[in-house]
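Q: coords please:
(chains A and B)
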2 protein chains.
Amino acid sequence: MDLKHYLNSQRQRVEQALEQVLPAKDHHPTSLHEAMHYSVFAGGKRIRPILMMAACEAVGGDVEQVLPAACAMEMIHTYSLIHDDLPAMDDDDFRRGNPTNHKVYGEATAILAGDALLTEAFVLLSAPANTPQLKADTQREIIQLIARAAGAAGMVGGQVVDMEAEGMEQPDLATVDYIHAHKTGALILASIRAGALLGGADTEAYEALSRFGKLAGLAFQIADDILDIVGDQQELGKDIGSDQERGKATYPAVLGLSESIRRAQELHQQALKAIEPLGEAAEPLRQISAYIINRSS
Amino acid sequence: MDLKHYLNSQRQRVEQALEQVLPAKDHHPTSLHEAMHYSVFAGGKRIRPILMMAACEAVGGDVEQVLPAACAMEMIHTYSLIHDDLPAMDDDDFRRGNPTNHKVYGEATAILAGDALLTEAFVLLSAPANTPQLKADTQREIIQLIARAAGAAGMVGGQVVDMEAEGMEQPDLATVDYIHAHKTGALILASIRAGALLGGADTEAYEALSRFGKLAGLAFQIADDILDIVGDQQELGKDIGSDQERGKATYPAVLGLSESIRRAQELHQQALKAIEPLGEAAEPLRQISAYIINRSS
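A: Numbers count the residues shown, from 1 in each chain, chains lettered A, B, ... in the order given. This is a model prediction of the structure:
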């Protein structure tokens, strides 16, 4: 398979679906809806939705079924970026080369645009099923797993610990593991699990994909940390070494660069092993994860 | 019925349930969980949960069934207060006589505590049903109506228009109506609708309660606006006349005080008429709404 072509075409599907499900830009109040659109269409790679679709494919499911949940996941991811960038949080002026939401719309509207994106994600996830195959109880289960992954025991908890770790002299491995498993890992894992459930995975396949999601999610984050040190600025759209400057709790800071690279590769091998039984159908998932991890090393 | 006793006992039930469903204060990361507890247990009157329970009673339902959704509604209401009080928004230092969340925990943690309360509300709403009577599709429908009421077409939209109206020379009635119907009315209506659905309302009772919820919700807000002018400071816990000072879009500012009082009473009469067919079972709902509206005039 041609990975570049695959990623492009999946990204386009997600973006078309997002255009359909997001309230229109000219909806009253327009400032809110423009701010929501601005960040949702600010050039994200749509990694979480694409992983959700690939997990659905891996169990032989129909990818169309996944699009609403994939959009909801991207909206939750976008809300988290808007709030992370706020002056009270990371105080970032730029993201992916563009001014951050609060720089364009002001802090109050940015907070509310984030709140609205998070809430509208649940509007989408709880909408009447668009296909008769989707059972209400599966929908409930997907809302449950996504909300848990995004909440206090997931992404928000990880963000709090990340903030608190910035003040630490030398963050320990347990703290870095906690931050990554929660701040970014939880939504990656939830994306893959939601894709598996919507694709009709049996228990065995669901467990295999869960294991893949945990291991690969952690490997992605180590790769991100490495990229902050060695990557080229254009690819990342933020200043190289900005994590270091801030004293962020990262893997290279705790383990050193070469051990971090080794660990990312090892986790990836374990992740691939977990989904071996899924055979050819899981090929997109394998190639996507290899791509994410290898762009850094 | 003894209304004071009724309100107290329902408030206690809600608070006991909230203690059970909120993640414990000593959960890691503790700063986040403490901040969530601080605002949830800052002395709210629990009007929305109590209305939800009374709507359930009004259709002969079992109030126990309503408690998780009632807690979720209070968590959403609390998140909205935390975010509204932020420096970038209303910049309030006190609420109900206590320092606001960001004054105690800092702005970053306050933003994240709000985010977490909103998200955990959906964790609660999508939890496996605690009674076999609760159908997954009813749960889905309740998530849908609460998320819509809280999102861009509901509470968040109302907050945006409220902020924008502060700059207006003379806000018009349509703007004031929009703000109140969305910023506060939407969650009141959703509380009553969720109570009706969980109580097993038939279509007729559901429509009657919806009509009651729209009319009474608007009357509550007019009463609140009036209370800001004439009320005693202790009851409200904020400075009297603070809406006026800020140039907030309120009913008295647009209609004058005596016309506002007349309108609140008229809306309340219409609301009571809507639920006449529900008979004796709707008595708590009638008395609660009378109490909320009459404390101001």
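
Q: Could you list the buried residues of stretch A:140-159?
A: A:140-159 (16 or more other C-beta atoms under 10 Å in any protein chain shown). Heads up, the C-betas are built off the backbone N, CA and C, glycines and all.

Q: ok, and which of those residues reach chain B?
A: Residues of the buried residues of stretch A:140-159 in contact with chain B (C-beta under 8 Å from any C-beta of the partner chain): A:140-141, A:143-144, A:147-148, A:150-153, A:156-157, A:159.

Q: Tell me which of the residues you listed fall in helices.
A: Secondary structure from DSSP state H places A:140, A:141, A:143, A:144, A:147, A:148, A:150, A:156, A:157, A:159 of these in helices.

Q: Mind jotting down where the helices sit in the stretch 151-297 of chain A?
A: A:155-165, A:173-179, A:186-198, A:203-230, A:233-236, A:242-246, A:251-255, A:257-274, A:283-294 (DSSP state H, counting those that start in this stretch).

Q: Can I get the ones you listed in a markdown table including mean pLDDT?
A: Output for these, formatted as a markdown table (pLDDT from 0 to 100):
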| stretch | mean pLDDT |
| --- | --- |
| helix A:155-165 | 95 |
| helix A:173-179 | 94 |
| helix A:186-198 | 98 |
| helix A:203-230 | 95 |
| helix A:233-236 | 51 |
| helix A:242-246 | 69 |
| helix A:251-255 | 91 |
| helix A:257-274 | 96 |
| helix A:283-294 | 95 |
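
Q: most neighbours per residue, which of these?
A: The highest average neighbour count among the helices of the stretch 151-297 of chain A, using mean count of other C-beta atoms under 10 Å in any protein chain shown, belongs to helix A:186-198 at a mean of 27.

Q: Against which helices or strands is that helix packed?
A: Helices and strands touching helix A:186-198, by 3 or more C-beta pairs under 8 Å, 6 or more residues apart in numbering or on different chains; DSSP states H and E, are helix A:47-58, helix A:67-85, helix A:136-150, helix A:155-165, helix A:203-230.

Q: for these, which one sits closest to residue B:29?
A: Nearest to residue B:29, of all the helices and strands packed on helix A:186-198, is helix A:155-165, at 4.5 Å by C-beta to C-beta.

Q: Output that closest one as CSV - backbone C-alpha positions only.
A: Coordinates of each C-alpha in helix A:155-165 appear next as CSV, following Å, rounded to 0.1, in the frame of the first residue of the first chain:
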residue,chain,number,x,y,z
MET,A,155,-6.1,13.6,29.4
VAL,A,156,-7.0,16.4,31.9
GLY,A,157,-5.2,14.5,34.7
GLY,A,158,-2.2,14.2,32.5
GLN,A,159,-2.2,17.9,31.7
VAL,A,160,-2.3,18.8,35.4
VAL,A,161,0.7,16.5,36.2
ASP,A,162,2.6,17.9,33.2
MET,A,163,2.1,21.4,34.4
GLU,A,164,3.2,20.5,37.9
ALA,A,165,6.2,18.6,36.6
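
Q: Show me the contact partners of it.
A: Here helix A:155-165 makes contact (C-beta atoms under 8 Å, 6 or more residues apart in numbering or on different chains) with A:76, A:80, A:84, A:89, A:149-151, A:171, A:175-176, A:178-187, A:248-249, B:28-29, B:31-32, B:108-109, B:112, B:115-116, B:119.

Q: And that helix, how far out from the chain middle?
A: How far helix A:155-165 lies from its chain's middle: 16 Å, per C-alpha atoms, centre = their mean, to the nearest Å.

Q: quick one, it and helix A:136-150 angle?
A: Helix A:155-165 and helix A:136-150 are oriented at 0 degrees to each other (axes from the mean of the first three to the mean of the last three C-alpha atoms, to 10 degrees).

Q: Give me the angle between helix A:155-165 and helix A:67-85.
A: On the basis of the same axes, to 10 degrees, helix A:155-165 is oriented at 20 degrees to helix A:67-85.

Q: now helix A:155-165 and helix A:186-198, what's the angle there?
A: 160 degrees.

Q: what comes up buried for stretch A:88-99?
A: For stretch A:88-99, a neighbour-count test (16+ other C-beta under 10 Å) marks A:88, A:89, A:90, A:92, A:95 as buried.

Q: How many residues are close by the closest residue to the last one other than its chain neighbours?
A: Same thing as residue A:95. Leaving aside its chain neighbours, residue A:95 sits nearest to residue A:85 (6.1 Å; criterion: C-beta to C-beta, 6 or more residues apart in numbering or on different chains). By other C-beta atoms under 10 Å in any protein chain shown, 22 other residues sit near residue A:85.

Q: Just put the buried residues of stretch A:88-99 in CSV and tack on distance to residue A:55, pLDDT and secondary structure.
A: Supplementary listing: the buried residues of stretch A:88-99 in CSV, determined by distance: C-beta to C-beta, whole Å; pLDDT from 0 to 100; DSSP: H, G, I helix; E, B strand; the rest coil:
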residue, distance to residue A:55, pLDDT, secondary structure
A:88, 35, 97, coil
A:89, 30, 95, coil
A:90, 30, 94, coil
A:92, 31, 96, coil
A:95, 27, 94, strand
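
Q: which residues touch the nearest residue to residue A:188 once chain neighbours are set aside?
A: Once flanking residues are discounted, residue A:188 sits nearest to residue A:217: 3.7 Å by C-beta to C-beta, 6+ apart. By C-beta under 8 Å, 6+ apart, the residues touching residue A:217 are A:181, A:184, A:185, A:188, A:189.

Q: Residue A:292 now?
A: Taking C-beta under 8 Å, 6+ apart, we find residue A:292 in contact with A:47, A:216, A:219, A:220, A:223.

Q: Show me which residues of the stretch 101-250 of chain A are close to chain B?
A: Residues of the stretch 101-250 of chain A lying near chain B by C-beta under 8 Å from any C-beta: A:106-109, A:111-112, A:114-116, A:118-120, A:122-123, A:125-128, A:135-137, A:139-141, A:143-144, A:147-148, A:150-153, A:156-157, A:159-161, A:163-164.

Q: Could you rerun that using 6 Å?
A: Residues of the stretch 101-250 of chain A lying close to chain B (C-beta under 6 Å from any C-beta of the partner chain) are A:107-108, A:111-112, A:115-116, A:119-120, A:122-123, A:126, A:136-137, A:139-140, A:143-144, A:147-148, A:150-152, A:156-157, A:160-161, A:163.

Q: if we can go back for a sec, can you add distance to residue B:271 and give the helices and strands packed on helix A:186-198 back as JSON lines?
A: Converted to JSON lines, these look like this (distance: least, C-beta to C-beta, whole Å):
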{"stretch": "helix A:47-58", "distance to residue B:271": "44"}
{"stretch": "helix A:67-85", "distance to residue B:271": "35"}
{"stretch": "helix A:136-150", "distance to residue B:271": "32"}
{"stretch": "helix A:155-165", "distance to residue B:271": "38"}
{"stretch": "helix A:203-230", "distance to residue B:271": "49"}
